[in-house]
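> just to be clear, the model below is a prediction. Sequence and coordinates:
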Amino acid sequence: MAPGGQLKVLTTLDHAKTQWYHFMAIVIAGMGFFTDAYDLFCISLVSKLLGRIYYTDLNKNSPGTLPPNVSAAVNGVALCGTLAGQLFFGWLGDKLGRKSVYGFTLILMVVCSVASGLSFGHTAKGVISTLCFFRFWLGFGIGGDYPLSATIMSEYANKRTRGTFIAAVFAMQGFGILFGAIVALVVSAGFRNSYPAPSYADNRAASLVPQADYVCASSSCSAPSRRRSPTTGA
């Protein structure tokens, strides 16, 4: 398109009245931010379950927690991927077009989110390693979604409401974090009701029911499915 034609399109968008496609753009871009926040911050809740399931020593008086280095890796690897993804997909979006690259980032996020929930391994080290691998690429996709969602929304918005629409898109991050906590609580309560177990103080082995691992995958799709019984190690 000639420069004059591009300028005409931008001028038309700047002076266009708020229409249905504006709200569709908010929903589409906003759900990207919603998913980003959900995937990034739900791991802080899931990591508590991972420590209890994979790092509990029945000879100790308290349930297990993730070691500091493992916790830092699990919680921080996606953020490292996000930084790399922002730089890479921001550049790629300018080269190939933001819409096509935006679709690719969404596919990458979906695939890596599911893969994180199905991380494989028979040992704590193996499971955590595969989980970190998939969460890095999940963060890589999230990093691409950040600049592209905001840019797409700013392009569709008119001059009068651009700030409001972009703020509405970014506000979906808060709802994503809140929704992640709600899902974790609901799923945990459901599994506890279906598979009752004594407290760790009353019966250390029986308190670690095998089904507890599925709470991780069910609540976030960001934690592994366990391949062995937490009480026997088999």
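All right, it came through fine. Numbering: from 1, shown residues only.

> from here on, just use CA atoms for contacts and neighbour counts.
Noted.

> can you report how many residues neighbour Ala205?
Using other CA atoms under 10 Å, Ala205 has 18 other residues around it.

> swap that for Leu108, please
Neighbour count for Leu108, taken as other CA under 10 Å: 18.

> what helix or strand does it sit in?
If you go by DSSP states H and E, Leu108 is part of helix 98-117.

> helices or strands up against that helix?
Helices and strands touching helix 98-117, as assessed by 3 or more CA pairs under 8 Å, 6 or more residues apart in numbering; DSSP states H and E, comprise helix 68-96, helix 124-156, helix 212-220.

> which residue is nearest the centroid of the chain?
In the chain, the centroid-proximal residue (CA atoms, centre = their mean) is Asp39; its distance is 1.0 Å.

> that one and Pro198: what is the separation?
Shown here: Asp39 relative to Pro198, a distance of 31 Å by CA to CA, to the nearest Å.

> tell me where the model's unsure across the chain.
When the per-residue scores of the chain are filtered using pLDDT under 70, the ranges that remain are 1-19, 21-22, 121-122, 158, 213, 216-234.

> 90 instead?
Under the criterion of pLDDT under 90, the regions of the chain flagged as low confidence span 1-68, 71, 75, 89-107, 109-131, 144-174, 176-234.

> identify the residues contacting stretch 59-70?
Under the contact criterion CA atoms under 8 Å, 6 or more residues apart in numbering, stretch 59-70 has outside partners 47-48, 50-57, 128, 200-201.

> now do 10 Å
With CA atoms under 10 Å, 6 or more residues apart in numbering as the test, stretch 59-70 has contacts from 47-58, 71-74, 76, 125, 128-129, 132, 200-201, 204, 207-208.

> only whichever of those residues are buried, select them in ChimeraX.
In ChimeraX, a selection of the buried entries from those looks like this (16 or more other CA atoms under 10 Å):
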select :47,49,50,51,52,53,54,55,56,71,73,74,76,128,129,132,204,207,208
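
> let me see the contact set for Phe33.
Phe33 sits next to 27, 39, 142, 145-146, 149-150, 169-176 when contact means CA under 10 Å, 6+ apart.
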